[in-house]
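Student: Need coordinates for the below:
(chains A and B)
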Amino acid sequence: MKSKDFLLCECKNLGLVLEETLRYEYGLDGSREFYEECDARLQLIKGELNNTDEADSEALSLSFYALESLSALICRIERSSLGEYSWPFVEEFKEISEAVCTEPTSLKPSLPPKVHVLSEGGLSSYQIDVEANRSFAKKRILTIFFPRTLKHFVLLHTILGHEIGHAIFSFPKFQGDLTKILRTNLIDPNDKFCNHNAVVDWLYSSKAPNSAQVYLSLLKAEYEIDPQNFFLSFAEYDAWVEEFLCDFIGLLMFGPSFLAALCDLLYSTEPSGAKVGQEHPPTGCRVNMLIVAAQHIGYDQIAFDAETKPHVEAFWASIYEKRQKDVWFDVFTEEQIKNTTNAIMGFLSNHAKALYPMPSAQEIKPLVNQIINQIPPVGYRFTTEKGPEHFEIDFRHTLYAGWIAASNTQFPIPFDTVNRLCEHGIMQQRAIKEKIAYKKAKEAKNTKLEAKV
Amino acid sequence: MSALSRKTIAERLADGSLVISPILDSEQLGESSIDLRMGTVVMLARAGAQSHVEPAAYKEQDDHDSIRGKQQKHERFDIPFKRPFLLHPGTLALVPTMEWVKIPNNLQGIVTARSSWAREGLNIATATIVNPGYRGIITLELANFGEIPITLYPGLRLAQIALYELTTPIEDDQKRSQFDMKFEPSAGNIAKDDYCFIPTIKA
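Tutor: The predicted model follows:
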């Protein structure tokens, strides 16, 4: 068979697979948009192929890769199942990611991406794929990966704030602005992180903690990595910087819950906090930096009453415990962290819902009490005078309340139970949201009618 | 045992000694009952999974076969709000309530179908007793006794719970039921504590 015919045959196969995906429910919004987007891409590739000369190997090769990436996407869609991830969390998270990742395209001045959700693997599976190469695509498809094992662990899902940071950074439109923010506020004025050499000097300094020195000597022994080739043959300086940026974005998007999730997830893989990765700076540096940022924002300054205060203090104590005491981990000054936090806050405030709204004690306290009493946390109260009353609650407040309740030592509740209570609460809050929206729409309609009369 | 009136139910909801959360509408409170809404999960017996219900398949110590039997017994559907679920005639579906319930030690709940739904053929297969001290969602065993399918949407008020005061409250440390702190329906163990009456089936 000739190459062109073979690829056209693959187009036909792909069309059949695409039809088969419609056997399943793979998203809350149904399958139409995914189907139409994938079908449009397939038709474009087919059209290109039909117009390609058999001898044009470069064009045939391009079509081959386009078909490959489309097949991978369709298979992902087929593997996604509503029952394998927490849809109440996903629904809320989608609203944020769609708002943040809306971008101008040749078709529309602002086009939100289509969000697709997949669950696989375990603790380190959190990821967001942004489709870097979008030839033949009309709409960007964001694929959010949740760990299959952590289906109900909504408190840990806040780590996706970091992943959405990577997604935002991959958009050329935002990359320039964010790089400028980092350069101006965090990197250039810093003596430890201003360039490759400075980082290497800091890493290999005699003041580095023993655990860091052990990792570096292992790198030397196993891969011959030394100060001279650290950034040439092993680590990526830009990736490290991007990690810090995404941590700031995660914190500003999910508040204290993000910091707690990051500590739990990262320290579980590497308790010393000193290990260096190819794309990741030491965990201890990230945690120390985020604690300063959280304190600067004032998350730990909310004044709670005597009943809730001990629980909140227990939460923050558990966070401060994760702070590395060795000053080697403090790679940025307080001033640099504050300035960067303010600048990224300014950037995110341009996107609706992206910034975590500063909670009040009045919002958090009833949610914490509900969880401690083993009731899903929702904006609901019942009094004999007024009957049932409902309040809008940002799902990120529910998660913060969950972390506070999980840290309380007075009435200990298993972590998995707290997560399930919060997940159930987020689902119930959606029902309250529907109810409030319906009521408002009805009132608006009545007012309009009255005005007409 | 005496049934709780609307006023007493409201008082107990307000002082927190009874929890049914959240109640979305004051109309959910009847004269001596509270309406319950459909939750967002449906468990349906999977066609072809089992030839019959066999108590002997429930073993005291779970092994591959018994776990497989349990896992394959039902097909689980997540049904978000505003999405339909079609209940066909003769089908039994396990559905959680949207509300979370905490019954105090001196009350017992009885769950039945709302009469308007029962008239359409939708029934709760048995009047479910909710034990004193229970915490969690309530599982509704829905069956369509009519002749045509019924579309259900999460959030609809399908059932109602009436509450009765016990002559003597249960003790705090009394054994919790196998369904305590449930977030969604699951099959029960029909052989639990009755193994002495069940012959051992050889594989």
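
Student: Next one: residue B:67 from residue B:187, what distance?
Tutor: 12 Å (C-beta to C-beta, to the nearest Å). The C-beta positions use only the backbone N, C-alpha and C, and glycine is treated the same way.

Student: How confident is the prediction for residue B:62, by pLDDT?
Tutor: Residue B:62 carries a pLDDT value of 76.

Student: The top strand by length along chain B near chain A at all?
Tutor: The residue-count maximum for a strand in chain B (DSSP state E) belongs to strand B:157-165. No - no part of strand B:157-165 sits near chain A under the criterion C-beta under 8 Å from any C-beta of the partner chain; the closest distance found is 11.9 Å.

Student: Would you mark the buried spots in the helix or strand bottoming out on mean pLDDT in chain B?
Tutor: Here the helix or strand of chain B ranked lowest by mean pLDDT, DSSP states H and E is helix B:64-73, holding a mean of 75. Residues of helix B:64-73 classed as buried by neighbour count (16 or more other C-beta atoms under 10 Å in any protein chain shown): B:66, B:69, B:73.

Student: And for stretch B:188-199?
Tutor: Under 16+ other C-beta under 10 Å, the buried positions of stretch B:188-199 are B:191, B:198.

Student: okay, how far is it across it, tip to tip?
Tutor: 20 Å (C-alpha to C-alpha, to the nearest Å).

Student: Bridge partners for residue A:145, pull those for me.
Tutor: Going by DSSP bridges, residue A:145 is paired in beta bridges with residue A:118, residue A:127.

Student: separation between the spatially most central residue of chain A and residue A:100?
Tutor: Central residue of chain A (C-alpha atoms, centre = their mean): residue A:160, 2.1 Å from the mean position. Residue A:160 sits 12 Å away from residue A:100, taking C-beta to C-beta as the criterion.

Student: again with residue A:173
Tutor: Taken as C-beta to C-beta, the span from residue A:173 to residue A:100 is 12 Å.

Student: Neighbour count: those two, which is higher?
Tutor: Taking other C-beta atoms under 10 Å in any protein chain shown, residue A:173 and residue A:100 do not tie; residue A:100 has more neighbours (24 against 9).

Student: Surely the more buried one touches residue A:164?
Tutor: Yes - taking contacts as C-beta atoms under 8 Å, residue A:100 lies within contact range of residue A:164: 6.3 Å.

Student: coming back round to it: is it true that the residue nearest to the centre of chain A lies in a helix?
Tutor: Yes - checked against DSSP: H, G, I helix; E, B strand; the rest coil, residue A:160 lies within a helix.

Student: Distance of it relative to residue A:282?
Tutor: 22 Å.

Student: And the buried residues of helix B:64-73, which is closest to residue A:427?
Tutor: residue B:73 (24.3 Å; C-beta to C-beta).

Student: what sits against that closest one?
Tutor: Residue B:73 sits next to B:45, B:46, B:49, B:50, B:187 when contact means C-beta atoms under 8 Å, 6 or more residues apart in numbering or on different chains.

Student: Swap in 10 Å and give it another go.
Tutor: Residues near residue B:73 by C-beta atoms under 10 Å, 6 or more residues apart in numbering or on different chains: B:43, B:44, B:45, B:46, B:49, B:50, B:53, B:57, B:186, B:187.

Student: What's the PyMOL line that selects buried ones from those?
Tutor: Filtering the contacts of residue B:73 down to the buried ones (16+ other C-beta under 10 Å) takes a single PyMOL command:
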select buried, chain B and resi 43+44+45+57+186+187
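
Student: Not counting its neighbours along the chain, what's nearest the residue sitting nearest the centre point of chain B?
Tutor: The centroid of chain B falls nearest to residue B:139 when counting by C-alpha atoms, centre = their mean (1.7 Å). In this structure, residue B:139 finds its nearest non-sequential neighbour in residue B:185, 4.2 Å apart by C-beta to C-beta, 6 or more residues apart in numbering or on different chains.

Student: Would you mind confirming that the one you found makes contact with residue B:138?
Tutor: Yes - counting by C-beta atoms under 10 Å, residue B:185 touches residue B:138, with 9.3 Å between them.

Student: Need the residues touching each of these two.
Tutor: Common neighbours of residue B:185 and residue B:138, using C-beta under 10 Å, 6+ apart, are B:39, B:95, B:96, B:97, B:179.

Student: Parallel or antiparallel, list what pairs with the helix or strand encompassing the third one.
Tutor: Assigned by DSSP states H and E, residue B:96 belongs to strand B:92-96. Based on DSSP bridges, the strands next to strand B:92-96 in the sheet, each with its direction, are strand B:41-45 (antiparallel), strand B:139-144 (antiparallel).

Student: The nearest residue to residue A:322 once chain neighbours are set aside: neighbour count?
Tutor: Spatial nearest neighbour of residue A:322, chain neighbours left out: residue A:263 (4.5 Å); criterion: C-beta to C-beta, 6+ apart. For residue A:263, the neighbour count with other C-beta under 10 Å is 21.

Student: Contacts only, for residue A:263.
Tutor: A:273, A:283, A:286, A:287, A:290, A:291, A:318, A:319, A:321, A:322, A:323.

Student: Name the helix or strand for residue B:146, please.
Tutor: Applying DSSP H and E, one finds residue B:146 in no helix or strand.

Student: so who does it touch?
Tutor: Taking C-beta under 10 Å, 6+ apart, we find residue B:146 in contact with B:87, B:88, B:89, B:90, B:118, B:119, B:120, B:121, B:122, B:123.

Student: ok, back up a step: what does the next helix or strand after the strand holding residue B:96 contact?
Tutor: Per DSSP H and E, the first helix or strand lying C-terminal to strand B:92-96 is strand B:100-102. With contacts defined as C-beta under 10 Å, 6+ apart, strand B:100-102 is touched by A:370, A:373-376, A:378, A:421, A:424-425, A:428, B:16-22, B:34, B:36, B:39, B:109, B:111, B:130, B:133-138, B:161, B:181, B:183.

Student: Go again with 8 Å.
Tutor: Outside strand B:100-102, the residues that reach it (C-beta under 8 Å, 6+ apart) are A:373-376, A:424, A:428, B:18-21, B:109, B:130, B:134-138, B:161.

Student: cool, and stretch A:183-193?
Tutor: Contacts for stretch A:183-193 (C-beta under 8 Å, 6+ apart): A:194, A:198-199, A:201-202, A:241, A:244, A:331-333, A:336-337, A:339-340, A:343.

Student: Before I go, just wanted to say thanks for your time.
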